[in-house]
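Got a predicted structure here, sequence first:
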Amino acid sequence: MAVHPVLAEVTRRVAERSAGPRGAYLSRIRDARTEGPVRGGMGCANLAHGFAACGVQDKLWLRGDVAPNIAIVSAYNDMLSAHQPLKDYPDLLKAAIRAAGGTAQFAGGVPAMCDGITQGRAGMELSLFSRDVVAMATAVALSHDMFDGALLLGVCDKIVPGLVIGALSFGHLPVILVPAGPMASGLPNGEKAKVRKRFAAGEVGREQLLAAEAASYHSPGTCTFYGTANSNQLLMEVMGLHLPGASFVPPGTKLRDALTEAAGRRVLQLTDLADGYLPIGELLDERAFVNGVVALLATGGSTNHTLHLVAMAAAAGIELTWDDFDELSKVTPLLTRLYPNGTADVNHFHAAGGTAFLIGELIDAGLVHEDARTVGGDTLAAYRKAPEFDGGMVEWRDVARASGDTGVLRPVADPFDAHGGLHTVRGNLGRAVVKVSAVRPEHRTIEAPARVFDSQERLQDAFAAGELDRDVVAVVRNQGPRANGMPELHRLTPPLSVLQDRGHRVALVTDGRMSGASGAVPAAIHVSPEAAAGGPLARVRDGDVVRLDADGGVLEVLVPDEEFAAREPAAAPPPDGTWGTGRELFRTFRAAVGPAEQGAGVFA
């Protein structure tokens with residue numbers, strides 16, 4: 001199947017603009033490749049330190065240069081439901097690798113914070129920067145030159161992109177990401193959302209809200225709505241870093257354990273000591289990243305990936321831009337309805353055909369590069385099959401060519417929407433991203449007076465005081481990466497939804513984030529340049545009429561150009577809010593961070 005002409009053109013442009021940095025990157029990782037394990041060139045004291053704690057058999061193999069040694073890097077902690085199942089993975093992986101003729105060592109742990117816990121709290125201002133901390137921690141873990149490949153254990157939000165960025169600095173090593181799977185479906189997401197809105201409106205109390213939340217988030221495994229964590233899983237599979245069908249198999253099942261063991265055996269086959277050498281730096285090429293963007297758009301995934309995909313690509317020497325997202329969105333149909341874009345969750349998606357059906361549809365329509373390389377096979381075609389547990393092992397088998405539930409997952413010939421779930425908007429307020437898949441068409445265009453806030457708390461106060469009970473564009477500025485680390489602002493969704501439900505025209509415009517849980521209110525987020533970097537949001541005043549047209553790609557304030565340009569930017573809030581809860585430790589990050597359009601990273 002020939003690829004779609006727009007897909008081919010976007011990929012060509014990405015490769016052309018990236019030729020210099022991509023070539024330099026590939027040269028570096030090829031120079032890092034050695035003949036035989038790099039540990040073979042270590043001094044005796046260095047190597048002895050590296051295997052001192054190993055068992056007798058592992059020591060024998062590590063002293064030689066024949067058996068591959070695999071690094072295990074994990075985001076395990078037992079506070080976060082998504083990462084709690086990772087506790088037993090190292091032992092499973094070591095046993096599987098040893099039985100297949102290799103060794104494995106737990107090379108290091110990386111921090112894993114939860115946006116669900118820190119939402120609306122000071123800790124959220126560390127959230128985005130934690131991605132780059134994870135990247136650095138991954139690099140530290142791999143820095144000992146003991147390894148011929150790596151297995152990365154992580155699931156959520158910034159953790160998976162951070163693991164990938166860190167691994168790409170060791171791009172000569174083969175890498176497989178090993179997921180944990182989602183928790184069982186709990187309270188339906190639509191019911192949870194209703195309780196949240198009733199709480200925001202003062203109709204129910206904290207106990208009823210807590211009961212609903214606890215019934216939704218209730219056991220080990222990833223949260224089941226289609227937010228950044230589950231977008232991570234789907235993208236890693238489509239980009240070829242998971243084994244086929246590994247993303248949404250539940251934890252604590254025989255198939256989940258078998259897939260984990262299979263990842264251990266498979267990474268051995270990808271090392272430089274085997275015949276199928278495939279380093280991550282070569283696997284993640286322009287085709288892989290374009291495939292990831294298409295998968296994000298086709299599923300209405302997390303807006304966080306307009307940051308993370310850009311940052312991951314940059315780590316591989318590839319320049320991915322929001323214009324690429326926009327061009328691909330125009331030709332990518334929306335094929336899923338998952339909360340918050342619908343009522344179903346990822347378990348329903350998986351049961352309806354899941355990633356195998358989705359990938360097959362995208363391949364047949366020429367909307368992904370089938371020839372992209374993967375850890376699971378020579379091409380993406382291997383991912384049209386789904387894993388099954390058979391006789392103690394994993395077998396990959398063909399899936400039905402029809403969706404098991406067209407209310408959740410549809411073919412390209414009958415999509416939910418002709419265009420992708422994310423749009424880019426631009427104008428005299430800068431550029432921003434809008435997740436339209438969760439917004440009804442009649443709400444995607446709004447022209448209304450602005451009410452300007454410098455914190456989400458001030459907006460909530462104004463809502464409680466009844467000051468927003470009208471058509472309004474809420475402008476929440478000084479929430480960008482340079483200002484305060486670019487927190488997610490999901491606490492604003494319930495009150496703004498209440499206003500919209502009352503019949504008002506409502507929108508949010510912010511240089512902060514909203515992520516995969518973005519709801520039914522139109523939100524132009526990641527506005528770039530941000531207010532703290534001199535962006536035009538700093539010159540918006542209460543009462544200015546703001547126009548947001550998500551389908552038309554417009555974000556502008558309706559003030560004469562000369563008048564708007566002549567305004568003094570509003571002063572940023574005092575820096576007192578950047579202390580406490582560890583925020584003072586990230587001053588260097590805030591000073592060094594790049595703009596949202598370039599991935600909001602701290603690495604030059």
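That came in fine, so what should we check first? Keep in mind that what you see is a predicted model, and the values were worked out from it rather than measured.

Would you mind giving the secondary structure of Thr303?
Three-state assignment for Thr303 (DSSP: H, G, I helix; E, B strand; the rest coil): coil.

I'd say it and Lys435 touch.
Yes - with contact defined as CB atoms under 8 Å, Thr303 and Lys435 form a contacting pair (5.1 Å). Quick note: C-beta positions are derived from backbone N, CA and C, even for glycine.

buried residues in stretch 326-342?
Buried residues in stretch 326-342, counted by 16 or more other CB atoms under 10 Å: 326-329, 331-342.

farthest pair in those residues?
Glu327 and Tyr339 (27.6 Å; CB to CB).

Now find how far off-centre stretch 366-374 is within its chain.
Here stretch 366-374 is found 20 Å from its chain centre; the criterion is CA atoms, centre = their mean, to the nearest Å.

actually stretch 266-273, not the one I wrote
27 Å.

Quote the end-to-end distance of it.
For stretch 266-273, the first-to-last residue distance is 13 Å (CA to CA, to the nearest Å).

before we move on, what about stretch 108-115?
23 Å.

And the contacts of it?
Defining contact as CB atoms under 8 Å, 6 or more residues apart in numbering, one finds that stretch 108-115 is touched by 71, 73-77, 79-80, 82-83, 123-124, 126-127, 130, 133-134, 137-138, 140-142, 154, 156-159, 162-163, 166, 228, 488, 515.

now those: which count as buried?
Buried subset of the contacts of stretch 108-115 (neighbour count, 16+ other CB under 10 Å): 71, 73-77, 80, 82-83, 123-124, 126-127, 130, 133-134, 137-138, 141-142, 154, 156-159, 162-163, 166, 228, 488, 515.

quick one: buried residues of the helix or strand bottoming out on mean pLDDT in the chain?
The weakest-scoring helix or strand in the chain, judged by mean pLDDT, DSSP states H and E, is helix 189-200 (a mean of 83). Neighbour-count burial for helix 189-200, counted by 16+ other CB under 10 Å, picks out 189, 192-193, 195-200.

Which pair of these spans the longest distance?
So, these by CB to CB: farthest apart are Asn189 and Ala200, at 16.4 Å.

where do the helices sit along the stretch 1-150 of the chain?
In the stretch 1-150 of the chain, the helices defined using DSSP state H, counting those that start in this stretch lie at 5-17, 19-32, 44-51, 56-63, 89-99, 115-118, 127-142.

Ranking those helices by mean neighbour count, which comes first?
Each of these was scored by mean neighbour count; the highest is helix 127-142, a mean of 23, by mean count of other CB atoms under 10 Å.

quick one: which of the buried residues of helix 189-200 is nearest to Ile318?
Of all the buried residues of helix 189-200, Asn189 has the smallest distance to Ile318: 34.6 Å, by CB to CB.

OK, contacts around the nearest residue to that closest one once chain neighbours are set aside?
Computed as CB to CB, 6 or more residues apart in numbering, the closest residue to Asn189 that is not its neighbour in sequence is Tyr339, at 3.7 Å. Shown in contact with Tyr339 (CB under 8 Å, 6+ apart): 189-190, 193, 225-226, 345.

what about 7 Å?
189, 225-226, 345 (CB atoms under 7 Å, 6 or more residues apart in numbering).

in the chain, which spans are strands?
Assigned by DSSP state E, the strands in the chain fall at 69-74, 103-109, 149-153, 175-178, 385-390, 393-398, 422-427, 430-435, 445-453, 472-476, 506-510, 523-528, 545-549, 554-557.

gap between stretch 538-552 and the chain center?
For stretch 538-552, the separation from the chain centroid amounts to 28 Å (computed by CA atoms, centre = their mean).

Output it in PDB with nothing but the alpha carbons.
What follows is stretch 538-552, C-alpha atoms only, in PDB (Å, rounded to 0.1, in the frame of the first residue of the first chain):
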ATOM      1  CA  ALA A 538       0.900  39.500  28.800                       C
ATOM      2  CA  ARG A 539      -0.800  42.400  26.900                       C
ATOM      3  CA  VAL A 540      -4.400  41.100  27.100                       C
ATOM      4  CA  ARG A 541      -6.800  43.000  29.400                       C
ATOM      5  CA  ASP A 542     -10.100  42.200  31.000                       C
ATOM      6  CA  GLY A 543     -12.900  43.000  28.400                       C
ATOM      7  CA  ASP A 544     -10.800  42.500  25.300                       C
ATOM      8  CA  VAL A 545     -12.700  40.400  22.800                       C
ATOM      9  CA  VAL A 546     -10.900  37.200  22.000                       C
ATOM     10  CA  ARG A 547     -11.800  35.000  19.100                       C
ATOM     11  CA  LEU A 548     -11.000  31.300  19.100                       C
ATOM     12  CA  ASP A 549     -11.900  29.300  16.000                       C
ATOM     13  CA  ALA A 550     -10.500  25.800  16.500                       C
ATOM     14  CA  ASP A 551     -11.600  24.500  13.100                       C
ATOM     15  CA  GLY A 552     -10.400  27.600  11.200                       C
END
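
which of the residues in it are buried?
Buried-residue list, stretch 538-552, by 16+ other CB under 10 Å: 538-540, 544, 546-550.

Likewise for stretch 585-599?
Those would be 586, 589-590, 593-599, for stretch 585-599 by 16+ other CB under 10 Å.

Can I get that stretch in PDB? Just the C-alpha atoms.
The C-alpha trace of stretch 585-599 is given here as PDB (Å, rounded to 0.1, in the frame of the first residue of the first chain):
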ATOM      1  CA  LEU A 585      15.400  23.200  43.100                       C
ATOM      2  CA  PHE A 586      14.100  23.800  39.600                       C
ATOM      3  CA  ARG A 587      15.100  27.400  39.200                       C
ATOM      4  CA  THR A 588      17.800  26.400  36.700                       C
ATOM      5  CA  PHE A 589      15.300  24.400  34.700                       C
ATOM      6  CA  ARG A 590      12.900  27.400  34.500                       C
ATOM      7  CA  ALA A 591      15.700  29.600  33.300                       C
ATOM      8  CA  ALA A 592      16.900  27.200  30.700                       C
ATOM      9  CA  VAL A 593      13.700  25.700  29.400                       C
ATOM     10  CA  GLY A 594      12.800  26.100  25.700                       C
ATOM     11  CA  PRO A 595       9.400  27.100  24.300                       C
ATOM     12  CA  ALA A 596       6.400  24.800  24.100                       C
ATOM     13  CA  GLU A 597       6.700  24.600  20.300                       C
ATOM     14  CA  GLN A 598      10.200  23.100  20.700                       C
ATOM     15  CA  GLY A 599       9.100  20.500  23.300                       C
END
